[in-house]
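# when you get a sec, could you give me coordinates for this:
(2 chains)
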Amino acid sequence: MKTLVTFILALILSFFGSTVQADSSLKANFITGDPGITSINSMTFGPENILFIGDSKSAQIVAIDVSAHPKVDNSEVKIDLLDKLIADMLGTKIDQVQITDMAVNPINDNIYLSVHHSSGIPVLLRVENNTLKQVTLDNISHSKATISDPINKDAKDKWDRELRKWAVADMKYSSGKILVSGLSNKEFASTFRSIDFPFTKKQDYGSLEIYHAAHGKYETHAPIKTFIPTKIKGNSHILAGYTCTPLVVFAMDKIKPGEHNKGRTVAELGSGNSPIDIVEIENGGKRYLLIANSNRPLMKMEFDDLEAYEGSLTTPVVKKGAAAGVAYVNLPYVNVRQLDKFQGNGFLIIKREANGNLALKKGNSWWLEK
Amino acid sequence: MLSISGMLAQTSPEFSVNRNYLSIKRDFDESADLRVFKGQITEAEVSSATILLGKVVKEKTSIRFIPLVPFGWNQEYTVAYNNIMDHFVINFPDSYEYLKIEAVYPSGRWVPTNILKWYIKFSRPINETNLYDHIQFTRSPGDTITKAILPLENALVNDHGTLLTLWIEPGRQKRDLIPNKQLGPVFENGKFYGLAILKDLKDNNGVPMQQDFTHIFQTVPPDRKKLDLNSWEVLPPENDRDDLVILFHESMDYGSTMNGLTIINAEKKEITGDWQLIDNESISLFTPKNPWSKGNYKVLLDATIEDLAGNNLNKLFDSKVNDTIPSSRYSSSYFALGFSIE
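I've put the predicted structure just below:
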């Protein structure tokens, strides 16, 4: 069997076309009030204590300013029975709560968790002294942008619009842009967009569509599950993970509006698995990728290997569940449900342990040494 | 000491509680804290117990605690206020409209093996947390097909929380993708399957369904034909109150079809009304809000309308790869069928 995984990107608008604004002006448009957040599907930090919240239900991206939260000492962070603690704080049962994301503020290592309760109410929590505090969202300095449907941007907003849902899968900030991947219920097409930040009234929506093909014969649209903007050999790239689990790089500088560009598949991380989070960590002058998975242990990949791999995976993955492409090692962390960069060169995880305990804890940076 | 044990959301002069708030006659010691805890907490445990998130509002004669999420039924809570400490439970109501499944789409008995999407319509908003644990495709009762549904961290549910979209694992439905090669397609031709929604699935109050639900269907050969506009028929209304009828001659994808049809008049103004899909989603009916006027009309069809296998008016779901797909695929986002009323 010959398996070729090809990604073709169709970019409507340039992703890196606008001037990067001076940091001091990032919050110039912020207003204090209730941004009307009705769901928190994804979170990511930008500069200056700005936390971006992906709200699928209200079809919006909200940037909130969390500068008011003082740095807390999370150097010995560890919370056991995290789901029980959240259920107790909400007066509800464990199966009524779901942790939807975790984000660490790179400026002060403050840790934020987003939670959905069965009633549909979203909750933002902050770690303090190994317990959780609520971050209220009804009177907060913020700015927001509506997520529109880029493929049907001319379509009328119809009475039965409710049928059309778009779920934010992942979101990252990069050089004055917020990049968002997601999946719609309408068409099996990955919508990957770039929204200028600070948000303006006139927004440029970049639409990136990806075709995932096998055997060079059939094509499909592949939704990006998780991604990071990064540099490969000094050039801007998107490194994206897809369900069942090709890892693909897209060179940003080659993407031209209206043209189709192929991504390069650099690894196959084993089928029956889905990536959950990807982070890039620099330690001791070396760059590493950590990939959390739904059905595989935490994986470590070295950037040296990634940069040295210049080809694209075109050889078959014959063995069931086997991996191919850039080498990686499995770290002894299984059932990692959330992952983020922590304390500069370390990582923070939420993992389900063998005894059922859901633990928030630091990963051991020893694994990120040569 | 105020005794409120086992109260059923009742009101006393000093205390009242319902799912949305708890109110106690105010103690004018301004320093008094009102705290609520999950479970029965003893006085000794109060200092270390987890306090419920919520707002405390001081009113003229009472103090009110508004929990961040509504109090649960049959859940014990402890309230501590000044020197008062007691427990309460809000009993589950005697009459409750339990969560039910109103419809499943496709609703017909025959479904192509390469079906891509299912829709489940619920009677009330569902609990989206851990949703996929309670939905399965089965070959026979108890024989579950693994990795059949695309698990999404954020389920695709409409704004009312009542319509869920399920994607059949696209990697398995597409020929030659790794999951398809290794695990095979989810469904085989000519067999019976069940879409099972387990009674553990809960509504947004945390109340489970009363019974399991199973929708049985039988598979027919895969559909690998692009939608053909020319085979569709528009039956214009015969009088000004009649429905407009569109015959697709095959079962259509519920979501994209309900969402993808618009009628405009000669002035390009949209005609408002209600759409329905009937006869196993093979016929679309449009009931206008106002009587039809004489003139020419067009049915605009979104190019993303799909059949059950994800084939649309532009392309097949798993078509041959074309590395230089023309960008014009974005420009033909609508098709049109004309009709006139005389």
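# measure the nearest residue to residue B:252 once chain neighbours are set aside to residue B:304 for me?
In space, and not counting its chain neighbours, residue B:252 is closest to residue B:281: 4.9 Å by Cβ to Cβ, 6 or more residues apart in numbering or on different chains. For glycine as for every other residue, the C-beta is placed from the backbone atoms N, C-alpha and C. Per Cβ to Cβ, to the nearest Å, residue B:281 is found 16 Å from residue B:304.
# just the C-alpha atoms of the helix or strand where residue A:43 lies, please, in PDB.
Per DSSP states H and E, residue A:43 falls inside strand A:42-45. Extracted in PDB, the C-alpha atoms of strand A:42-45 (Å, rounded to 0.1, in the frame of the first residue of the first chain):
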ATOM      1  CA  SER A  42     -10.200  27.000  23.300                       C
ATOM      2  CA  MET A  43      -7.800  29.500  25.000                       C
ATOM      3  CA  THR A  44      -4.400  30.900  24.200                       C
ATOM      4  CA  PHE A  45      -2.200  33.700  25.400                       C
END
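# name the residues of that strand that are buried.
A:42, A:43, A:44, A:45 (16 or more other Cβ atoms under 10 Å in any protein chain shown).
# list the contacts for the closest residue to the second one other than its chain neighbours?
I take that to be residue A:43. Spatial nearest neighbour of residue A:43, chain neighbours left out: residue A:103 (4.1 Å); criterion: Cβ to Cβ, 6+ apart. Residues in contact with residue A:103 (Cβ atoms under 8 Å, 6 or more residues apart in numbering or on different chains) are A:43, A:44, A:45, A:51, A:111, A:112, A:340.
# hang on, isn't the second one packed against residue A:174?
No - here residue A:44 does not reach residue A:174: they are 9.9 Å apart, not a contact under Cβ atoms under 8 Å.
# count of neighbours near residue B:218?
The number of residues packed near residue B:218 is 14, by other Cβ atoms under 10 Å in any protein chain shown.
# skip the chain neighbours and tell me the closest residue to it.
Closest to residue B:218 by Cβ to Cβ, 6+ apart is residue B:192, at 5.3 Å.
# ok, the one you found touching residue B:215?
No - here residue B:192 lies out of contact with residue B:215, judged by Cβ under 8 Å, at a distance of 11.3 Å.
# mind checking which of these two has more residues around it?
Between residue B:192 and residue B:215, residue B:215 has the larger neighbour count (other Cβ under 10 Å), namely 18 against 12.
# what about that one, which helix or strand?
strand B:213-220.
# what of residue B:336?
Assigned by DSSP H and E, residue B:336 falls in strand B:334-341.
# name every strand pairing with that strand and say which way it goes.
strand B:295-302 (antiparallel) (DSSP bridges).
# show the average pLDDT along stretch B:133-148.
Mean per-residue pLDDT for stretch B:133-148: 91.
# if we can go back for a sec, what comes up buried for the strand holding residue B:336?
So, applying 16+ other Cβ under 10 Å, buried residues of strand B:334-341: B:334, B:335, B:337, B:341.
# in chain B, which spans are helices?
Ranges of helices in chain B, per DSSP state H, are B:170-173, B:178-183, B:254-259.
# by mean pLDDT, show me the worst of the ones you listed.
helix B:178-183 (a mean of 62).
# which stretches of the chain aren't confidently modelled?
Assuming you mean chain A. Chain A contains residues with pLDDT under 70 at A:1-24, A:148-166, A:184-191, A:201-223, A:244-245, A:254-262, A:271-272, A:313-323.
# correction: the question concerned chain B.
For chain B (pLDDT under 70), the answer is B:1-13, B:30, B:171, B:173-184, B:315-332.
# how does it look with 80?
Low-confidence segments of chain B, defined by pLDDT under 80, are located at B:1-14, B:27-32, B:83, B:151-155, B:159, B:170-185, B:314-334.
# what about the most centrally placed residue in it, distance to chain A?
Geometric centre of chain B, nearest residue: residue B:163, 2.3 Å, by Cα atoms, centre = their mean. According to Cβ to the nearest Cβ, to the nearest Å, residue B:163 stands 7 Å off from chain A.
# and for residue B:39?
8 Å.
# spatially, which residue comes closest to that residue, not counting chain neighbours?
residue B:76 (5.5 Å).
# got the contact list for residue A:117?
Each residue near residue A:117 by Cβ under 8 Å, 6+ apart is listed here: A:90, A:92, A:96, A:97, A:123, B:69, B:129.
# most neighbours of all those residues, which one?
Ranking the contacts of residue A:117 using other Cβ under 10 Å puts residue A:90 first, with 27 neighbours.
# contacting residues for the residue nearest to that residue when sequence neighbours are not counted?
Spatial nearest neighbour of residue A:90, excluding adjacent residues (Cβ to Cβ, 6+ apart): residue B:69 at 5.0 Å. Listed by Cβ under 8 Å, 6+ apart, the contact set of residue B:69 reads A:90, A:91, A:92, A:117, A:119, A:121, A:123.
# and the last one, that one's in a strand?
Yep, that's residue A:123 we're talking about. Yes - assessed with DSSP: H, G, I helix; E, B strand; the rest coil, residue A:123 lies in a strand.
# quick check: the residue lying closest to it once chain neighbours are set aside vs residue A:43, distance?
Leaving aside its sequence neighbours, residue A:123 sits nearest to residue A:115 (Cβ to Cβ, 6+ apart; 4.4 Å). Look at residue A:115 and residue A:43: by Cβ to Cβ, they are 11 Å apart.
# put the alpha carbons of the longest helix belonging to chain A into CSV.
In chain A, taking DSSP H as the definition, the longest helix is helix A:82-90. Extracted C-alpha coordinates of helix A:82-90, given in CSV (Å, rounded to 0.1, in the frame of the first residue of the first chain):
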residue,chain,number,x,y,z
LEU,A,82,-9.1,18.2,39.9
ASP,A,83,-12.5,17.1,38.5
LYS,A,84,-13.8,16.5,42.0
LEU,A,85,-12.6,20.0,43.1
ILE,A,86,-14.3,21.6,40.1
ALA,A,87,-17.6,19.7,40.7
ASP,A,88,-17.5,20.6,44.4
MET,A,89,-17.0,24.3,43.5
LEU,A,90,-20.0,24.1,41.3
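# just the buried positions in that helix, please.
For helix A:82-90, by 16+ other Cβ under 10 Å, it's A:82, A:83, A:85, A:86, A:87, A:88, A:89, A:90.
# where along the stretch 251-370 of chain A do the helices fall?
Ranges of helices in the stretch 251-370 of chain A, per DSSP state H, counting those that start in this stretch, are A:303-308.
# where do the strands of it begin and end?
In the stretch 251-370 of chain A, the strands defined using DSSP state E, counting those that start in this stretch lie at A:260-268, A:275-283, A:286-293, A:299-302, A:324-325, A:329-330, A:336-342, A:346-352, A:358-362.
# residues contacting residue B:215?
Counting by Cβ under 8 Å, 6+ apart, residue B:215 has contacts B:104, B:194, B:195.
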